[in-house]
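In: build me a structure from this.
(one chain, ligands or ions: 1)
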Amino acid sequence: MSDRDITRRDFLDGMALAVGGAMALPGGLGLEAGAPYPPALTGLRGSTPGSFEALHQLRDGTLFQSLGRPARSGEHYDLVVVGAGISGLSAAYHFHKERPGARILILDNHDDFGGHARRNEFQHGGRTRIGYGGTQSIDSPLPYSGIARGLIAELGIDVHRWNTVLDRDLYRSLGLGPGFFFDRETFGTDRLVTGLGPRIDSATAARLPMSDQARGDLVRLTTEAFDPWPELDPGAIRERLARISYSRFVTDVLGLDAGVLHLYQTRTHGLFGAGVDAVPAQDAMALGLPGFQGMKVDRTVVGPGQNYDSMPSPDADDYYFHFPDGNASIARLLVRKLIPAAIPGSTADDVVTARADYAQLDQAGRSVRIRLRSPAVRVTPGSGAGPTEVVYLEQGRPRSVSAGAVVLACWHQVIPHLCPALPDLQRTALAFAIKVPLVYTNVFVRNWTAFQKLGVNSIQTPGFFHTSVNLDFPVTIGGYHHARRLEEPIVLHLSKAACKPGLPIKDQHRAGRTELYTTAFTTIEATIREQLGRVLGSGGFEPGRDILGITVNRWPHGYAYQYNSLYDDFWLHRGEQPCEVARRPFGRITIANADAGAYSYTDAAIDHGVRAAEELLTHG
Ligand SMILES: Cc1cc2nc3c(=O)[nH]c(=O)nc-3n(C[C@H](O)[C@H](O)[C@H](O)COP(=O)(O)OP(=O)(O)OC[C@H]3O[C@@H](n4cnc5c(N)ncnc54)[C@H](O)[C@@H]3O)c2cc1C
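Out: Model (predicted):
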């Protein structure tokens, strides 16, 4: 790993330096000429009520029972893009660049653009602070492709400036580090423990509220050289590690007490959306979890069926950047290229504080239009060279536009329902791409003195709804300055992977999705208040006094599903992947989205957006 210190991998497993932002922005009451300004809305965000119901009815086959005939808008576009995430925006940008006069319409079901790349803002004392409600960073385990790097450079983002915008030493200089919260429901007592490194000695273990057996086994797990399969060569060892979960490896192969797993269960949440019960031991090894010290396999070598996430890649490590709103800045820079009037300014620095003018997104007479709150519900290819008809909902009523070409940059799971004309094999492959449910919550707090008193900036809290709590990144960029003084308001970032340990991974994702759709904001808010009170209370934190705002970004359809050698045999044997079948072009309809690469990263969204646009440009 390079010296950039923070990665999504580190950050989400709660073991890294974590970090905050503050700036002076004009205005910012969440209302613009009476219309909502989406980034400033708090409460339940992400997949908001109103954005998904019609699409669920489409899935259930009930939507068209109640809808009348679509009203013909008379609008014709050279290209309609379904999905205003980074993939759809990249597709539109590439098409626009190659065919400058082309008329392009981008549809999205949400009230904000960017898809998972989502900006949150909070106001206090005349200042605005920014948080990321989804996609955190330019950070990918595999190196960015030439196409993705090229687009990032065209947007004016210089990732090599990362070291100059991050205040790397701030938290360390204040004596802050990682912590682990042992909760009374699981461990019999509430206790915040700091100073837990990768190797745990008996003195450290004695501080943990665990059984003597579990303490002893934790020391063994992190320090002893196990070699359970001395007769196997490294290739065969990897095959075994690819077929057994990390939790079974620890208990069944190493024979250790299951109690030790409490410390590691959520360490894989940030990348896999599931715990170590559903993550192959091989991937856990590459991610640095303990137990492999004595085995004759090199953890930096990629093994059969190993997940992209755990592939160590020094190139990728150097290619890293974090904006205060995460990769929402990429989405905003793309929108600025497509519709300059919507986002003032001209650089990747000034975009951070630029206030988007949502009224400019869908203006008649412009060559590019972005239409929010407009789920596409049917895409019907024209006969012969005829145009494709795209039906979408406008305030619940069907409306149709015609299109010379269509890029489907939405979630692959939706496409079989949207476009029944696709071949059965392709529809099955598209449906394979279920999404991984996640929650990214920003809690805006009055100050961070409690963190300083407790000596933490990043806490694992596996017993709570959100399993990690982090102080935001200390990033200063453009006119935006992170919080430096303990008395200043700061954004806390909390995350959750909604999963159900013990089930096969896709069933965990399905159960988690149901949980997220059925849990009310008030319930989540109550868990946050209780959690922060219990974890930080001994540092003087009082939820009623210190919490200024909460934005829960719920993503029941979050990460793209990445193949897993415990469950996807084709992946272990490097057979044909469903995403290869799913992304085949169909006449003048092409398929984008990160799902097209089964790879849950911004670079996949860009690569497949550009590829989908290029397929249309090349063939007609
Ligand atoms: C919480 C979270 C954190 C992440 N962190 C990182 C990170 O740090 N780094 C990284 O590289 N990647 C990260 N990712 C992954 C990254 O966000 C994605 O790979 C990428 O942004 C996906 O872009 P996309 O355009 O393919 O899809 P999306 O962002 O999902 O955009 C697709 C859009 O299509 C819309 N849509 C769906 N159906 C319809 C329809 N019928 N009509 C109209 N619109 C429709 C969706 O609502 C959505 O807005 C993260 C993802 C999540 C969920």
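In: any part of stretch 131-147 near the ligand?
Out: Yes. Counting by C-beta under 6 Å from any ligand atom, the ligand is contacted by stretch 131-147 at 134-137, 139-140. Bear in mind the C-beta positions are built from the backbone N, C-alpha and C, glycine included.
In: who wins on neighbours among those?
Out: T135 (30 neighbours; other C-beta atoms under 10 Å).
In: doesn't F323 make contact with that one?
Out: No. Taking contacts as C-beta atoms under 8 Å, T135 lies outside contact range of F323: 9.9 Å.
In: show me what E394 bridges to in the sheet.
Out: R397 (DSSP bridges).
In: ok, now how distant is it from the ligand?
Out: 12 Å (C-beta to the nearest ligand atom, to the nearest Å).
In: now do K337
Out: Distance from K337 to the ligand, by C-beta to the nearest ligand atom: 16 Å.
In: count of neighbours near A364?
Out: 6.
In: so is it in a helix, a strand, or just coil?
Out: coil (DSSP: H, G, I helix; E, B strand; the rest coil).
In: spatially nearest residue to the residue in the stretch 301-450 of the chain positioned nearest to the ligand (excluding sequence neighbours)?
Out: In the stretch 301-450 of the chain, the residue that lies nearest the ligand is C410 (3.3 Å; C-beta to the nearest ligand atom). Among residues not flanking C410 along the chain, G83 sits closest, at 3.8 Å (C-beta to C-beta, 6 or more residues apart in numbering).
In: where does that neighbour fall, phi/psi-wise?
Out: Phi and psi for G83, reported as degrees, to the nearest 10, are phi 110, psi 110.
In: my guess is it meets H412, correct?
Out: No. Checked against C-beta under 8 Å, the pair G83 and H412 is beyond contact range at 10.5 Å.
In: return every residue with contacts to both of these two.
Out: N593 (C-beta atoms under 8 Å, 6 or more residues apart in numbering).
In: surely V377 forms part of a strand?
Out: Yes. Under three-state DSSP, V377 falls within a strand.
In: so it makes contact with E394?
Out: No. In this structure, V377 is not within contact of E394 by C-beta under 8 Å, at 11.0 Å.
In: tally of neighbours for the closest residue to the ligand within the stretch 101-250 of the chain?
Out: Nearest to the ligand in the stretch 101-250 of the chain, going by C-beta to the nearest ligand atom, is G115, at a distance of 2.1 Å. By other C-beta under 10 Å, 27 other residues sit near G115.
In: quick one: it and R238, what's the gap?
Out: In this view, G115 and R238 are 35 Å apart by C-beta to C-beta, to the nearest Å.
In: I589 too?
Out: I589 sits at a distance of 40 Å from R238 (criterion: C-beta to C-beta).
In: chain neighbours aside, what residue packs nearest to I343?
Out: Using C-beta to C-beta, 6+ apart and skipping the chain neighbours, the partner closest in space to I343 is R336 (4.0 Å).
In: what's the answer for L170, then?
Out: Nearest non-adjacent residue to L170 (C-beta to C-beta, 6+ apart): P474, at 4.5 Å.
In: verify the contact between V391 and V377 for me.
Out: Yes. Checked against C-beta under 8 Å, the pair V391 and V377 is within contact range at 5.5 Å.
In: the more surrounded of those two?
Out: Using other C-beta under 10 Å, the more surrounded residue of V391 and V377 is V377, with 24 against 21.
In: just checking, P198 touches L218?
Out: No. The criterion here is C-beta under 8 Å, and P198 misses it with L218 at 11.7 Å.
In: so for V391 and V377, which residues contact both of them?
Out: Looking at what touches both V391 and V377 (by C-beta under 8 Å, 6+ apart), the common residues are P398.
In: L422 touches G587, doesn't it?
Out: No. Here L422 does not reach G587: they are 9.9 Å apart, not a contact under C-beta under 8 Å.
In: higher neighbour count, those two?
Out: L422 (23 against 16).
In: tell me who's in contact with the more buried one.
Out: Per C-beta under 8 Å, 6+ apart, neighbours of L422: 415-416, 430, 586, 589.
In: quick revisit: which one of P198 and L218 has more residues nearby?
Out: L218 (27 against 10).
In: so that one is in which element?
Out: Per DSSP states H and E, L218 falls inside helix 212-223.
In: residues touching the helix or strand following that helix, excluding its own?
Out: Beyond helix 212-223 on the C-terminal side, the first helix or strand identified by DSSP H and E is helix 234-243. For helix 234-243, the surrounding residues in contact (C-beta under 8 Å, 6+ apart) are 229, 232, 249, 280-282, 285, 295-298, 301, 303-306, 565-566, 572.
In: drop anything exposed from these.
Out: Listed as buried from the contacts of helix 234-243 are 232, 249, 280-282, 285, 295, 297, 303-306, 565-566, 572; burial here means 16 or more other C-beta atoms under 10 Å.
In: which residues sit against the helix holding L218?
Out: 198-202, 205-206, 208, 210, 250, 254, 256-257, 259-260, 262-263, 290-291, 293.
In: let's see that with 7 Å instead.
Out: Applying C-beta atoms under 7 Å, 6 or more residues apart in numbering, the set of residues contacting helix 212-223 from outside is 198-202, 205-206, 208, 250, 256-257, 259-260, 263, 290-291.
In: buried subset of those as a PyMOL selection?
Out: A single PyMOL command selects the buried members of those (16+ other C-beta under 10 Å):
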select buried, resi 200+205+208+250+256+257+259+260+263+290+291
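In: give the bridge partners for the nearest residue to G273 once chain neighbours are set aside, please.
Out: Spatially, and ignoring its direct neighbours in sequence, G273 is nearest to V436 (3.5 Å; C-beta to C-beta, 6+ apart). Beta bridges link V436 to Y559, judged by DSSP bridges.
In: thinking V436 is in contact with K506, fair?
Out: No. Assessed by C-beta atoms under 7 Å, V436 is found out of contact with K506, at 9.6 Å.
In: return the residues in contact with L494.
Out: Shown in contact with L494 (C-beta under 7 Å, 6+ apart): 441, 443, 466, 468-469, 528.
In: tell me which of those fall in helices.
Out: I528 (DSSP state H).
In: which of the contacts of L494 come close to the ligand?
Out: Among these, none lies close to the ligand by the criterion of C-beta under 6 Å from any ligand atom.
In: wait, which of the contacts of L494 is closest to F272?
Out: Distance to F272 across the contacts of L494 (C-beta to C-beta) is lowest for S468, with 14.4 Å.
In: how many neighbours does the closest one have?
Out: 26.
In: mind pulling the model confidence for it?
Out: Reading off the confidence values, S468 has pLDDT 97.
In: identify the bridge partners of it.
Out: Q460, S495.
In: same check, this time on P36
Out: Beta-bridge partners, per DSSP bridges, of P36: L31.
In: and it, how far from the ligand?
Out: On the measure of C-beta to the nearest ligand atom, P36 and the ligand end up 17 Å apart.
In: just the helices in the stretch 251-400 of the chain please.
Out: 269-272, 281-286, 314-318, 328-338 (DSSP state H, counting those that start in this stretch).
In: save those helices as a markdown table, and put in distance to N120 and mean pLDDT too.
Out: Below are these laid out as a markdown table (distance: least, C-beta to C-beta, whole Å; pLDDT from 0 to 100):
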| stretch | distance to N120 | mean pLDDT |
| --- | --- | --- |
| helix 269-272 | 19 | 94 |
| helix 281-286 | 31 | 96 |
| helix 314-318 | 27 | 79 |
| helix 328-338 | 9 | 98 |
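In: next, the residue of the chain positioned farthest from its centre: phi, psi?
Out: Most distant residue from the mean C-alpha position of the chain: E231, 41.0 Å away (C-alpha atoms, centre = their mean). Phi and psi for E231, reported as degrees, to the nearest 10, are phi -80, psi -10.
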